[in-house]
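Q: quick one, what's the 3D model for this:
(one chain, ligands or ions: 1)
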Amino acid sequence: MNNITTTIIEKMILYFGTDVRRINHALKVYGFATCIARKEKLTENELFIVDIVAILHDIGIIEAEKKYNSSNGKYQEIEGPAIAKNMLSDQHIDTTTIDRICFIIGNHHSYQKIDNMDFQVIVEADFLVNIYEDEMEKHSIENIRNKYFKTQTGIAIIQSMYAD
Ligand SMILES: [Fe+2]
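A: Numbering: from 1, shown residues only. Predicted coordinates for the structure are as follows:
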């Protein structure tokens, strides 16, 4: 974990205030994502992107609830990138990297848009947490594994955690 990642974790915690569930959700997704990304040998820049996206992927949820009275994924996708961009603006990160981070945050429920390993790892990590938090049933878990899990590490983890 580098200094920027640490700063962004703290910013996320302060931003979510007393919403402990969302803070915990982000930290859990970060834990899985950083583990999968490292085991899958992503590049240094991709590892950085994965860490930051994992921490901030649901950051649009507060604005989504305020503006649309809904925590629907689509609205989080719309609101998330601008908030993330603002949080990252004083961290001296190059524009290409910021754009990539915002792209994944803005599409992280749009699975047909997965175009690279950084995005793929985020989707797998979010599922690993949501399966438990949403108490998904066995057939949904199987469907998710077959449809959305691609990395060897992610597949090994979903099998291990949610084996019947
Ligand atoms: Fe999430």
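Q: tell me, how many residues neighbour Gly73?
A: Residues near Gly73, counting by other C-beta atoms under 10 Å, number 15. The C-beta positions use only the backbone N, C-alpha and C, and glycine is treated the same way.
Q: also the one 10 residues further on?
A: The local packing of Ile83 (other C-beta under 10 Å) involves 18 other residues.
Q: what is the mean pLDDT for the host helix or strand of it?
A: According to DSSP states H and E, Ile83 maps onto helix 73-88. Helix 73-88 shows a mean pLDDT of 95.
Q: would you mind identifying the next helix or strand past it?
A: Where DSSP H and E defines the elements, the next helix or strand beyond helix 73-88 is helix 95-105.
Q: next, the buried residues of that next one.
A: 98, 100-105 (16 or more other C-beta atoms under 10 Å).
Q: that one and the ion, are they touching?
A: No. Judged by C-beta under 5 Å from the ion, helix 95-105 makes no contact with the ion; its nearest approach is 10.4 Å.
Q: residues contacting that helix, please?
A: 45, 48-49, 52-53, 56-57, 59-60, 77, 80-81, 84-85, 88, 118-119, 122 (C-beta atoms under 8 Å, 6 or more residues apart in numbering).
Q: just the buried residues of these.
A: The neighbour-count criterion (16+ other C-beta under 10 Å) marks 48-49, 52-53, 56-57, 59-60, 77, 80-81, 84-85, 88, 118-119, 122 among these as buried.
Q: what does this structure put close to the ion?
A: 58, 126.
Q: in the chain, what spans have low per-residue confidence?
A: 164 (pLDDT under 70).
Q: if you set the cut-off to 80 instead, what comes out?
A: 1, 71, 164 (pLDDT under 80).
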